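S.K.: Pasting the sequence and the predicted model now:
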Amino acid sequence: MSHAADIPALSALVTALLVLAGAALALIGSIGLLRLKTFYERVHAPTMGTTLGMGLVLIASTVLFSVLESRPVLHEMLIAAFMTLTTPVTFLLLVRAARRRQQTVGDTSSVRHSSGEPR
Amino acid sequence: MNEIIVALAIGVLTASGTWLLLRPRTFQVIIGLSLLSYAVNLFIVAMGRLKVDAAPIVVAGAVPDPAAFSDPLPQALVLTAIVIGFAMTALLLVVLLAARGLTGTDHVDGQKDEAR
Amino acid sequence: MTSWVDHLPVVPVVLPLMTGALLLLVDERRHTFKALISVVSLCLLLIAAFALIRSVDASQTHVYRLGNWPAPFGIVLVADRLAAMMVLLVAILGMAALLFSLARWDRAGPRMHALLQFLLMGLNGAFLTGDLFNLFVFFELFLAASYGLALHASGSARVRASLHYIVVNLVASLLFLIGVSLLYAVAGTLNMADLALRAAAIAPQDRALFEIGAAILAIAFLVKAGMWPLCFWLPSTYAAAAAPAAAMFAILSKVGIYAVLRIWLLLFGETSGASAGFGAAALVYGGLVTLAFGAIGVLASQHLTHVAGFSLLVSAGTLLAAIGAGQAAVTAAALYYLVVSTLGVSALYLLIELVERTRGPGADVLAVTAEEFGDAYAEPEPIEETGLAIPGAMAVLGLSFTACALLLAGLPPLPGFLAKFALLAALLGADSVAASAWVMLLLLTLAGLAAIIALGRAGVRIFWASHEPHIPRVRPIEIAPIALLLALCIALTLQAGAVMRYVRDAADTLHTPRAYIREVLPSR
Amino acid sequence: MSAIDLLASAITIAQTCLALAMTCATVRLVLGPRAQDRVLALDTLYVNAMVLIVVFGMREGSSAYFEAALVIGMLGFVATAALAKFLLRGAVIE
Amino acid sequence: MPDTVLLITLLVLPFAGSAVAALLPVNARNAEAWLAGAIALVALLVVCACFPSISAGTVLQARHDWLPQFGLEFRLRMDGFAWLFAFLVTGIGLLVVLYARYYMSPQDPVPRFFSFLLAFMGSMLGVVLSGSLIQLVFFWELTSLFSFLLIGYWHHNAGAREGARMALIITSAGGLCLLVGVLLIGRIVGTYDLDLVLAAGDVIHASPLYLPALILVVLGALTKSAQFPFHFWLPYAMAAPTPVSAYLHSAAMVKLGVFLLARLWPALSGTDAWIWIVGMAGLITFVYGAYVAIFQHDLKGLLAYSTISHLGLITILLGLNSPLAAVAAIFHMVNHATFKASLFMGAGIIDHETGTRDIRRLSGLVRFMPISATLSIVAAASMAGVPLLNGFLSKEMFFAEALDVAGPLPVVDRALPYIAIVAGMFSVAYSLRFIHGAFFGPDPQGLPRTPHEPPRWMRFPIELLVFACIAVGVFPAHTIGPFLDVAVRSVLGAATPEYSLAVWHGFNQPLAMSFFALAGGAVLYLLLQKRLARGIEAVPLMPGLDARSLFDRALVLISWRGARSLARVLGTSRLQPQLRWVVVIAIVAASWPVYRQGLDFAVLPAGSPDFALAMLWAVGMACALGAVWQAKFHRLAALILTGGAGLATCLTFVWFSAPDLALTQLLVEIVTTVLILLGLRWLPKRTPAQWTWAGLLRALPRRSLDLALAIGAGAGLATVAYAVMTRPPAHTISDYFVTRAYPEGGGTNVVNVILVDFRGFDTMGEITVLGVVAIAVYALLRRFRPARESVPAPAQQRAQEENAFRDDMMTPLFIMRLMFPVIVVLALYLLVRGHNLPGGGFVAGLTMAVALILQYMAGGVRWAEARLNLRPVRLIGIGLLSACATGAGAWFAAHPFLTSHSAHVTLPLLGELHVPSAFVFDIGVFVLVVGATALVLIALSHQSIRAHRLPPA
Amino acid sequence: MKKLLPYPLLAVSLTLVWLVLNQSVALAHWLLGIWIGTAAALAYAALRPPGTPVRRLRVALMLGFVVLVDIVRSNLAVGRIVIHPHSPGRRPGFLDIPLALRSPAGLATLACIVTATPGTTWAGYDSSRRVLTLHILDLGDEDEWIEVIKQRYERRLLEIFP
Ligand code: NA
Ligand code: NA
């Protein structure tokens, strides 16, 4: 990290916290992927990493590079924007596929449905 | 020490790829070749020795010290290898599909014998 | 870079590339136009190859520094006698295959002309390049084109055989990459001449790695060359391919031989220090086993296409064993033999298609539906035209077949005999004759006998034993390339002295790598 | 402990966390049990990898790796969406 | 005329005639005969023209460089012996042509016949006139070839085909032996020049290679001359037209073997080995042939065995190591040629006029064709050794030699005269059989044709030959004397013995032997009458082993069954064993240097391991192994797991400073996943097979081997990688690239500058590969036919209603479509910056292709193609052309191909821009990659909509 | 003009994307960016997307803020659930929500929001019944969820994409 020798302490602290928080969220999300019981529950967990976790790390990167290069370095924000825009595609298709597969295979897992069975 | 990790990675990828390569189903072969090409790509990069934080991107105008950069030539070679590997994977895939369509089986020898 | 002659070495690569690209822009259905472009381009290629061979023979090795970067940093093309000869051979075979395909094969599937051009480009590049990794690229290029040509017109047999062909060669390509990168890791260069220079100075503790790299690289070459037991894909793939494609393939295995010859003599020649002669025994014994296996396969083959394929293995084995002998005289004879056997097998592949046309034209072609894909193009229908039944077609075919058989069996008056004689005379002419030379003498003789038996059997069956003589409908444009190849062979007998002088010079150059190195790296 | 060391350790810890996260996702990837679980795990793996690359860029102070992250961010979904569509329809392109 | 011209004319004339004859129309019987006759006549005249010089003792020469590098020159050489043979070849050739004119039916395609016959004549002359041993072998093999073609002339007849094939195989095998033998002689003497070899007899005898050389040369001679145990092809060669038999199988080709033995007599003879090999072969053949000939029912068969026997006689004479015997041998060669050729022609006339050659059916022909019968009787008498005919003279000489032979085995020496007499009796017996069987006895019954005399000119050749028999038989010294003398002198040189060609040498032992043989033969024939009349095919006292069936069985066993099983053992047509071999050989090849000299591991200062990297590879390995585990039954899972391993690889590239690689690997990963997914639909459903112990046990050895190979390959590559990584970097050429990338290449991203500039040629090849593959894929898919069960739409699609699906896709479609322009911008960004930062044409092209494929995914093929008009093939062409044109642009500046140059453009507002040609090159790459990738993906996608339209397979 | 610049907002956004990517506001990049943005927007037009008028950018910003807050909140909530997955009160399940929103753009935005907030996942939309189905990790009070979706998101989306 020699390149960051002259970074102000506050920026370093903020960056460190943001990175840690983001990584922790991603980790917890992935743990959720492991621990939750059914597919429908598991779908929720990784989005922690895809949204806030990713966001915090990207902010940290923005902060760090903006301080390092003494100018606003915003391109990480593009990642955030496009991640948010594109993640639904996979998730929508995946959940629909799971529901279809459940119907065709007749796999009735322990999911409660508030208003009727999924079509 | 990182060298040992990369060497292990190359070893496991090669072993997995070789095992699959020797299987009788076309799909196993194509996956095996994919794994083998990962291994080979890593191997080529390793042949330039491993360096962290030394991307071969020089600063315009400055006189660069070659020792400060990872070896760019193996990287260029791998790029070519990746492209060619991609092309060949595509071709192999289509050939195995055609073989499946024409012979009715996905056995590498185009025979129905399930015992092999 | 003042005269056009200076650019000659790159022409055999660029010309087919441009032609191929241009052909891709021409509408699929404009057959005549495409044929015209191809033929004109091949004529130009032949002229260029002739010019190159004359220039190389007259003056010296041409070194072409691509991108104007000095060797060993940039890629160089090195046109020496051997490379020029191979380029000419490629052009000749290309012309033969092209003419032959014009009768009907070029319409049996899309873009055959373009694929042929890219094949020529790949082969020429492989023969001309002086850079090891560039050699890999050109290997892949001609392989890719050969995959396309092997699959040309599709069909179960072709697809099945091509699957094996592709998988085995993909593995070989991976080995190629491993070998090249290992050599780079130890020697720090990719330029062949530079590599040869550095090979002598490899530190003792690095030498094992260097040799591993070379050995693995050699496996990649030997798969292409068709050394036993890496060769089983070869006869069936070539047998399944369309005739003009197979005719071109006759030289594919020679690229492997070429690479072994070139690199082995550069890296492990007499002047290369502690590793000199590394792997010679493997080449010799591998070659001899291949020779034996090829001869057995020739005998065991029912179909002529397989006979031709195994004949390629016979020639591969012969060449490998000859190269392994490591003597310039033997190498010279081997080069003469290489030319002869390539022309012979190529002509045979073309011929087989004609003589076995008794099943009716288009039978192979119509193996699958003519369903079209997309809306852009209409499916090119395999044309059922049956050609003019030229008078005496059978006689011409019989004569050509006899000629091919004589070539492959090494019998007079065709140059197969002289080639075999030259090889054996060179082997026996050495001061002391190695045991392997005696084995080779024996095997070559037996292989000749095997070819006589197998081709005699096939010839009698085809030309004599058919009860109702089916006169195949053959077009002059299909006979012409065969006649061209065989006429060349006769010329090789009559002009044996001149040709042998040329190949002897080529072999001498190969066996004294210093000259090659000096041309490529003048500063060292 | 200076701010730099703090940041350096934070980045190392973050990398470790992300690597662990990838491990968790891989366990799911290997275990399944069904294809949708694996696709989900692969998607998670992609995202974690993307974040890991960003963190790596921070460690090196280099923006050379940004494109790799960007490509995962913008195009990584194509692979998983194709997989999901395959699960949904039995074909990626109809 | 100078020698050279004479000799070359002599050699070239027949071949030229052959070429002309081949081109004549099929029905030009007379023209063919005139042509062939004229050629033979001119050749004969040329031979005669040579005689004055020859008789003066000169050796005519013509030389031409052929393969000087290997001591080979094209050398024609005519001495007395060669002259004698040339005379025989052309003279009898002329007679045979005349005979054939009448013999061949108008329906026969004579151009082929005369063409081959003339070519054969040329080849014979080539052998006879060769001044170099290699050249001799060259023409020797040609005679085998043309005799094959001539024997098989009536190829509609299975016997002709088989006979031809057998002759070909045996004689050319012998030819190959001869070649090797000659090569050995060449090695011993150091030259192939005939004169030098003949002068080097002592050197040859002293060499350790003498015996192998002798055996090989003799093998060549024995096969050609149909000597035991290679005699059996000759009777089957009788399926040839009779002129062919008369020419090849009596006068010319079969004489080549003995010609060779005589030619090399000075160089090879004179040792015990020579006597043993040559003499023994001759002796056995002599007796055996004569004995078997008696029991032949086919006239030509009888003559064939008789030929075998007489050649055996000549071989014995040559094998006796006695100059006088050699003289007798040469004399008998000529005699045999004359009487045997006339006998064959006579047999041919019988065949021609009666329609059969079976002695059992023929009889009493002397009354129908008295002249022909007389001629045949005289010739047969000569064959039997009746005095006053030429056959008698040489046989007398043989008997004389048999009496004072001094071989290595006294028993044989003593037995030889008795053997000679017995064989002489046999030959009298079969001669009698020939004459008595065909010409005497009652009138023939039920012949296919009514016999009568042949046309005048058909009989003429026989008359001439028989006249020669008588003339030589009565006045030997004045007829054959001078010619034999030059021949003998040229073979034996200084060793030429005194010999006398008189008819009468007084009452001596040989004469007694002759009469004994004549009388004994007559008695023997009488005794055998009963048996012969029964018409049994078998030969008495001969074991049932028929050489031909033995040969056939051996041939089938070796060249077919044996070869096939060997080929099966040594080869395979299956993929897995092939790949196993490749892996094994690679492992062995890589282990060999390590085995020889060990592998050094230099130890670099150990850094601390990166925990995250270790975890990453725990992930990567788990994915790889998972893919291995799932690839058989769960393809999708395996694909996903492979993606995981690819991701780990990609992150490793990030880790070790290869951003371009990471980027490329990622994109390739994405595209490959989509690609394979597109293909998955066409693969068969896989259901795990029933697991059984038996199945496991059966698979265990194979799997253990594979496992060992896999582990070996993995461990090997890992070890090599580790060994390299832990040693200091070599002094590489890369330093040049790093230091020059910016100042000379104009870019800061060294990898990209290498790709588009330093090694732009590689890149050009690489994109061509991509384009070629795309074309190949497209071509193959144009003819794609899915398996029957893959044709219907997948189960998921059948289960879903269209509306529900549209709802499901609505939102993804919206987003995917919206991403299109965004990804286009990204692609252009990656393209433009590539020279300085990670990116470049290839990555950009892939990105662009992803944007396109996303639209196909979102809306389907028809939807996308209604909106986007892609011409991928054209894009490939344009991309290639522009990349190539950029490279070729350097030619105009007199620089080598691909030399980069910068265009400096000054634009309003923007100021000066410099556009390096490398960038233009990269644009070409971009266009091509877009085209190629799109072509592959789209071609694959098209199969789904095509499949529904296909008729069921 | 309409033909040359069919999607001005998109073109502008893409130009901005270009500038951000290149991290430069140099004139050359502006010009190149505008050219590329326009070209890319034209490429988008080739896909014949439905017209998507966008209004009330202020509301959009407000929505963004609300979503941001919800993301943080739900991240914490889901994090808690992951750590204690077997807490007795939790009840995962599907939930049908009738929607007035019909614009594809609006629905897409809603999908982004729902996906981005952990704890809710888009499980399907029935255009004939105009019902959105969500899967919710901790269902709790179903009406409250319906209220959240309709009031916090749908209302604003209806304003932005009429
Ligand atoms: Na690049
Ligand atoms: Na969510």
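M.R.: Right, received. Where do you want to start? Ligands and ions are numbered 1, 2, ... in the order given.

S.K.: For chain C, what's its nearest residue on chain D.
M.R.: Chain C sits closest to D:Ile93 of chain D, with a gap of 13.6 Å, by C-beta to the nearest C-beta. In short, each C-beta sits where N, CA and C put it, glycine included.

S.K.: name the element the spatially most central residue of chain B belongs to?
M.R.: Nearest to the mean C-alpha position of chain B, counting by C-alpha atoms, centre = their mean, stands B:Ser37 at 1.3 Å. Assigned by DSSP states H and E, B:Ser37 belongs to helix B:26-47.

S.K.: pLDDT averaged over the next helix or strand after that helix, what's the number?
M.R.: Using DSSP H and E, the helix or strand that follows helix B:26-47 in sequence is helix B:72-103. For helix B:72-103, mean pLDDT is 92.

S.K.: who's in contact with the residue in the stretch 801-950 of chain E positioned nearest to chain B?
M.R.: When scored by C-beta to the nearest C-beta, the stretch 801-950 of chain E has E:Val936 as its residue closest to chain B, at 4.8 Å. Applying C-beta atoms under 8 Å, 6 or more residues apart in numbering or on different chains, one finds that E:Val936 lies in contact with B:Ala90, B:Val94, E:Leu675, E:Val773, E:Ala774, E:Val777, E:Tyr778.

S.K.: Specify the local secondary structure of E:Ser657.
M.R.: Three-state call for E:Ser657 (DSSP: H, G, I helix; E, B strand; the rest coil): coil.

S.K.: For it, grab phi and psi.
M.R.: Note on E:Ser657: backbone dihedrals following degrees, to the nearest 10 are phi 60, psi 40.

S.K.: Tell me how many other residues crowd the closest residue to E:Ser245 other than its chain neighbours.
M.R.: Closest residue to E:Ser245 apart from its sequence neighbours, by C-beta to C-beta, 6 or more residues apart in numbering or on different chains: E:Phe344 at 5.0 Å. Residues lying near E:Phe344 (other C-beta atoms under 10 Å in any protein chain shown) number 30.

S.K.: for the host helix or strand of E:Phe344, packing partners?
M.R.: Assigned by DSSP H and E, E:Phe344 belongs to helix E:323-354. On a contact count with 3 or more C-beta pairs under 8 Å, 6 or more residues apart in numbering or on different chains; DSSP states H and E, helix E:323-354 meets helix E:80-103, helix E:242-246, helix E:255-263, helix E:299-319, helix E:370-384, helix E:390-403, helix E:456-474, helix E:481-492.

S.K.: which residues sit in contact with the spatially closest residue to D:Glu60 that is not a sequence neighbour?
M.R.: Distances taken as C-beta to C-beta, 6+ apart put B:Asp53 closest to D:Glu60, at 4.5 Å, once the chain neighbours are dropped. Taking C-beta under 8 Å, 6+ apart, we find B:Asp53 in contact with D:Arg59, D:Glu60, D:Ser62, E:Ser657.

S.K.: List phi and psi for B:Asp53.
M.R.: Torsion angles, degrees, to the nearest 10, at B:Asp53: phi 60, psi 50.

S.K.: can you list the helices and strands packed on helix E:323-354 in a markdown table and add mean pLDDT?
M.R.: Output for the helices and strands packed on helix E:323-354, formatted as a markdown table (pLDDT from 0 to 100):
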| stretch | mean pLDDT |
| --- | --- |
| helix E:80-103 | 93 |
| helix E:242-246 | 90 |
| helix E:255-263 | 94 |
| helix E:299-319 | 93 |
| helix E:370-384 | 93 |
| helix E:390-403 | 89 |
| helix E:456-474 | 91 |
| helix E:481-492 | 91 |
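
S.K.: Helices of chain F, start to end?
M.R.: Using DSSP state H, the helices assigned to chain F run over residues F:8-22, F:27-46, F:57-83, F:104-116, F:142-147, F:155-160.

S.K.: Does the second one reach chain A?
M.R.: No: Helix F:27-46 lies apart from chain A when judged by C-beta under 8 Å from any C-beta of the partner chain; the minimum separation is 13.1 Å.

S.K.: now swap in the longest one and tell me
M.R.: Yes: remark: helix F:57-83 sits within contact range of chain A at F:Ile71, F:Val72, F:Asn75, F:Val78, F:Gly79, F:Ile81, F:Val82, F:Ile83, by C-beta under 8 Å from any C-beta.

S.K.: mind listing what the last one touches?
M.R.: When you say that, I think you mean F:Ile83. Counting by C-beta under 8 Å, 6+ apart, F:Ile83 touches A:Ile28.

S.K.: Mind putting the helices and strands packed on helix E:323-354 into CSV with distance to E:Ala622 and mean neighbour count?
M.R.: Output for the helices and strands packed on helix E:323-354, formatted as CSV (distance: least, C-beta to C-beta, whole Å; neighbours: other C-beta atoms under 10 Å in any protein chain shown):
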stretch, distance to E:Ala622, mean neighbour count
helix E:80-103, 84, 25
helix E:242-246, 79, 29
helix E:255-263, 76, 27
helix E:299-319, 80, 28
helix E:370-384, 93, 24
helix E:390-403, 92, 24
helix E:456-474, 93, 20
helix E:481-492, 87, 20
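
S.K.: Out of the ones you listed, the one nearest E:Ile204 is which?
M.R.: helix E:255-263 (13.8 Å; C-beta to C-beta).

S.K.: tell me the two of the contacts of E:Val936 that are most distant?
M.R.: Farthest pair in these (C-beta to C-beta) is E:Leu675 and E:Tyr778. Separation: 13.7 Å.

S.K.: More neighbours: which of these two?
M.R.: The residue with more neighbours, out of E:Leu675 and E:Tyr778, is E:Tyr778; 27 against 24, by other C-beta under 10 Å.

S.K.: Report the distance from the host helix or strand of that one to the chain centre.
M.R.: In this structure, E:Tyr778 sits in helix E:760-782 according to DSSP H and E. Counting by C-alpha atoms, centre = their mean, to the nearest Å, helix E:760-782 is centred 35 Å from the centre of its parent chain.

S.K.: quick one, it and helix B:72-103 angle?
M.R.: 10 degrees (axes from the mean of the first three to the mean of the last three C-alpha atoms, to 10 degrees).

S.K.: And the helix or strand following helix E:760-782, what's buried?
M.R.: Next helix or strand after helix E:760-782 toward the C-terminus (DSSP H and E): helix E:795-799. Across helix E:795-799, burial judged by 16 or more other C-beta atoms under 10 Å in any protein chain shown covers E:Gln796, E:Gln797.
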